[in-house]
Structures are given as C-alpha cells and as structure tokens.
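*Asks:* Give the three-dimensional model of this entry:
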Amino acid sequence: MNFFGLSRERRTDTGPQSWTLRTSSFGADHIYGVAHDQSAMWVAVGAAGKLATSPDGTTWTQRTSSFGATTINKVAYDGSSIWFAGGGAGKGASAPDPTSTWTQRTTQFGADDVVGVASDKAGNFVICGEGGKMSDSTDGTTWTARTSSFGSDYVIETNHGDDGYWVSVGQNDKIATSTNRTSWTQRTSPFTATWIRDVAYGGSMWVAVAYGGELASTSTDPTSGWALRTSSFGTDLLHCVAFGNGWWLAGGDDGQMATSRNGVTWTQVAASPFGAGETVRDVAYDSVNGLWVAVTLDGKLATSSA
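*Replies:* As a prediction, this is how the structure comes out:
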C-alpha cells in the first residue's frame, strides 16, 4: 500500500490486450493449469506429468512432479507455505517448494480424475473432479471426502472468493456454493451449454464461463442472481476466467481471449498471441509484479504486463 491506500497494482485503460509469447518448456504438450503464489513463483502443469516453475513468468524450468506420465490438471497455492497439484487417476501431490520434491497424497478420489484445485489463501484447499467427487484439506496432506451435490456429474472447477463463498461448477450446467467446504448446495444456473468450465471472483463479483460461448456473472452473492452476458466469443468454447488489476480476462477456443472491467461487457483481445485452432486453457494474474500469464493446449505460454 502507498500513502493513499492504493495497491501496487498498476491500473491501465486497456487491460491485458498486449501479449508476448514465451518459451514454455512444455514443447507441444498440453498445458492445463497455471498459478502464482502472489510472492515470487509461478507454477504451470500439464500433460505427461509435466510441471514447470518460473520466478518471473518469462523463463520456465521443468521439474520432477512425482506424477510420472499421468496428466496434471490444476495447481494452487495455500497462501503461506504449500502448493498442491491434482491430476489423472486420482493423483495429487504437495510441495512446500515447487522447484524441489513433490510428495504424492491420498486424495480420496480413488482412480477418478482430480480436475480442479482451489485454495482460499488461508491454508485450506478444495479439490473436485470426476464422478462428482470433492475433497478438502487444511494442510494439503490429509484429505477428507465430501458430498458435492453434483451427483455423478463432473465437478470441473472450484474457487474461493473474498466474500467467504466457495463456488463449484461443472457438468450439466450445475453451480453449487458452500461457506465451509463441507456442505454444498445447488443453485439456479442460467447456463444451457452443458459444461461450465471455470469460475472466479473479483471486484465484488463472480464470473463463470462455459461451452457454447456462454458467460454469466452475479453482482450479488453467488447463491442467486446469476445472469448470462454476451461473451464476445460467439459459440466458441470458453475454458477459463480470472480477475486481476481491476480487469477480468477470459480465454477459449481459436486462441481467443477477452477482457472486461465489469464482468458484463467484454472486448476481444485484438492481437492474441495464439492462433486459430489453439485453445487457451488457463489464465492467472500476479498482483505483485503486475503480470498476466495465459497457457494453451498447444504447449504455448504468453504474458501481458497490464
């Protein structure tokens, strides 16, 4: 904070519209997830058990993940000391230092895939995935299975907001909320695209994105008030959404990304660094250094300083 109580985040008039491709270290292998610890470390995960770290979002180094050749779908940081990554065949691993040893943990998923990983940045994690499975942990080591309210439908992603809510989204347009990570309640969903792929909180708002180019937001709490918005993606699939520096950023098929100040009106990134046929799978923001990172299923990675 400075004297006037303003954060170090740089405010821009255009948002993350200018992007630079970086060498990802994944080759042509899929990158499924990327996250920052809001201190000094980026972690990206993907196909073939690959996991890479970067101190600046520009230079990336592959690490030994302990997943073998099993896909890693998502990674998150607990806000103080532990990273956790989840992937195929129910695998999950934690590490205090992502550049060093990752230790496999029992996720309670059996052989079902861990698809989403989230943290409240206060030491607590929630993972979700195949067969409607969910587990939570207070240390990234010991996991307890929870009833998700999704039945046997996939829970694709979970996230936590500063408003105290956890929100999960997934198959058959389902949205569920929780305030304690253990009890989940299904909410009225405006989606019709079958699969909701991601959900995020920022600026006192929740935004969720789905297949069919569908995007919805709520300016109330996430238990109600979800309304479809015009995404600017047409009917192309949306895969990811995040908030940072006063801007929303969404990504999807054909290398498309879009920005929004209010979660309602969206503008396509005019000069996306990714080409047609490439899928933007995840985006994340580093509030310390003012950097966005976007990753694709073609092993590509790009950054934006806005």
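
*Asks:* Tell me the pLDDT of Gln268.
*Replies:* pLDDT, Gln268: 97.

*Asks:* Use 391 as the first number for this chain going forward.
*Replies:* Okay, using 391 as the starting number, the last item reads as Gln658.

*Asks:* Which strand residues bridge it?
*Replies:* For Gln658, the beta-bridge partners under DSSP bridges are Ala648.

*Asks:* Kindly report the same for Gly642.
*Replies:* Leu628.

*Asks:* Quick check, it in contact with Leu628.
*Replies:* Yes - counting by Cβ atoms under 8 Å, Gly642 touches Leu628, with 4.1 Å between them. (Glycine included, C-beta is placed from N, CA and C.)

*Asks:* list residues touching both of those two?
*Replies:* Val599, Gly603 (Cβ atoms under 8 Å, 6 or more residues apart in numbering).

*Asks:* low-scoring stretches of the stretch 541-690 of the chain, by residue?
*Replies:* For the stretch 541-690 of the chain, applying pLDDT under 70 flags no range at all.

*Asks:* ignore the last one, the stretch 391-540 of the chain
*Replies:* Ranges of the stretch 391-540 of the chain meeting pLDDT under 70: 391-402.

*Asks:* Show me where it has its strands.
*Replies:* Here the stretch 391-540 of the chain has its strands, by DSSP state E, counting those that start in this stretch, at 410-412, 421-426, 432-436, 441-444, 451-453, 462-467, 473-477, 481-485, 493-496, 504-509, 515-519, 523-527, 534-537.

*Asks:* Assumed Gly602 was part of a strand.
*Replies:* No - using DSSP: H, G, I helix; E, B strand; the rest coil, the assignment for Gly602 is helix, not a strand.

*Asks:* Hmm, it is touching Leu618, no?
*Replies:* No - contact criterion Cβ under 8 Å: Gly602 and Leu618 do not qualify, at 10.5 Å.

*Asks:* contacting residues for Thr497?
*Replies:* Gly476, Gly480, Lys481, Gly482, Val504, Ile517, Ser525, Trp533.

*Asks:* Neighbours of the closest residue to it other than its chain neighbours, how many?
*Replies:* Spatial nearest neighbour of Thr497, excluding adjacent residues (Cβ to Cβ, 6 or more residues apart in numbering): Gly482 at 4.2 Å. For Gly482, the count of nearby residues is 30 (other Cβ atoms under 10 Å).

*Asks:* now Pro486
*Replies:* 13.

*Asks:* now the helices: where do they sit in this protein?
*Replies:* Taking DSSP state H as the criterion, the chain carries no helices.

*Asks:* Residues in contact with stretch 445-456: which ones?
*Replies:* Outside of stretch 445-456, the residues within contact range by Cβ under 8 Å, 6+ apart are 412-416, 426, 430-432, 434-435, 439-444, 462, 475, 483, 488-494, 676, 679, 681, 683, 691, 693.

*Asks:* May I see the buried residues of stretch 449-469?
*Replies:* For stretch 449-469, a neighbour-count test (16 or more other Cβ atoms under 10 Å) marks 450, 453, 455-457, 460-468 as buried.

*Asks:* where exactly do the strands run in the stretch 591-696 of the chain?
*Replies:* 595-600, 605-608, 617-619, 628-634, 637-642, 647-650, 657-658, 670-676, 681-686, 691-694.

*Asks:* Distance from the shortest one to the middle of the chain?
*Replies:* If I follow you right, that is strand 657-658. 20 Å (Cα atoms, centre = their mean, to the nearest Å).

*Asks:* Which residues does it contact?
*Replies:* Ser622, Phe623, Gln646, Met647, Ala648, Thr649, Ser650.

*Asks:* Neighbours of the fifth one, how many?
*Replies:* Right, the one you point to is Ala648. Ala648, neighbours per other Cβ under 10 Å, totals 24.

*Asks:* again with the last one
*Replies:* Using other Cβ under 10 Å as the criterion, Ser650 is surrounded by 24 other residues.

*Asks:* Is it in contact with Gly636, as I believe?
*Replies:* No - at 10.3 Å, Ser650 and Gly636 do not qualify as touching, with contact defined as Cβ under 8 Å.

*Asks:* Quick one: residues contacting Ser622.
*Replies:* Ala648, Trp656, Thr657, Gln658.

*Asks:* sorry, that was for Ser558
*Replies:* With contact set as Cβ under 8 Å, 6+ apart, Ser558 has these partners: 506, 516, 518, 524, 538, 540, 545, 547-548, 564-568, 574, 589.
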